[in-house]
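**Student:** 3D model of this:
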Amino acid sequence: MVPGNRHEDCPICVKYSQGPCGKYFRQWLECTDQYTDQIDSKTGEELHLSKCEHLAQVLADCLQKHQDFYSSSSSSEHHPLRVAWKTFLKDLEEESKHRYEEFPNFFTPRSSYSF
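**Tutor:** Residues are numbered from 1 along each chain as shown. Reported below is the predicted structural model:
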């Protein structure tokens, strides 16, 4: 991380901003910072989800490819950083799935006509 960066006190940010996926993590983080608290007026979706999705996928692919670099021999499946990162990726994937669901039928207006 760059000294003076507001993410330097974030252990996940420090860890993932280094190594073979560091560039992708920093690009994704910059994108999410750019769209923080912004909502798409048409869909109601948080913009960082749609605007940064392509960067998140590149980052996820890189992290998958370089798992050994980002895990240490002393870490376990329950290490707080590992758990936090897995939870983050799972939440991101779930949010992406829900974005394209059909509109629920019970919200569809119904009308009937009698003559």
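**Student:** Please count neighbours and contacts with C-alpha atoms only from this point.
**Tutor:** Fine.
**Student:** quick one: low-confidence ranges for this protein?
**Tutor:** 1-7, 72-81, 95-115 (pLDDT under 70).
**Student:** in it, which spans are helices?
**Tutor:** For the chain, the helices defined by DSSP state H occupy 11-16, 22-34, 47-51, 53-65, 67-70, 80-99.
**Student:** Make TSV out of those and add mean neighbour count and distance to residue 40.
**Tutor:** Listed next are the helices of the chain as TSV, based on neighbours: other C-alpha atoms under 10 Å; distance: least, C-alpha to C-alpha, whole Å:
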stretch	mean neighbour count	distance to residue 40
helix 11-16	16	26
helix 22-34	18	14
helix 47-51	18	6
helix 53-65	16	14
helix 67-70	12	34
helix 80-99	13	12
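**Student:** how near is residue 29 to residue 23?
**Tutor:** 10 Å (C-alpha to C-alpha, to the nearest Å).
**Student:** Sorry, wrong one. I was asking about residue 93.
**Tutor:** Distance from residue 93 to residue 23, by C-alpha to C-alpha: 21 Å.
**Student:** same check, this time on residue 63
**Tutor:** 12 Å.
**Student:** do the same with residue 53
**Tutor:** 16 Å.
**Student:** And stretch 38-56, end to end?
**Tutor:** Using C-alpha to C-alpha, the two ends of stretch 38-56 sit 18 Å apart.
**Student:** ok, and what's touching that stretch?
**Tutor:** 24, 27-28, 31-37, 92, 96 (C-alpha atoms under 8 Å, 6 or more residues apart in numbering).
**Student:** among the residues you listed, which two are most distant?
**Tutor:** 24 and 37 (21.7 Å; C-alpha to C-alpha).
**Student:** Contact partners for residue 27?
**Tutor:** Taking C-alpha under 8 Å, 6+ apart, one finds residue 55 in contact with residue 27.
**Student:** hmm, back to that, mind putting the helices of the chain in a markdown table, distance to residue 41 included?
**Tutor:** As requested, the helices of the chain are exported to a markdown table (distance: least, C-alpha to C-alpha, whole Å):
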| stretch | distance to residue 41 |
| --- | --- |
| helix 11-16 | 30 |
| helix 22-34 | 17 |
| helix 47-51 | 10 |
| helix 53-65 | 18 |
| helix 67-70 | 38 |
| helix 80-99 | 15 |
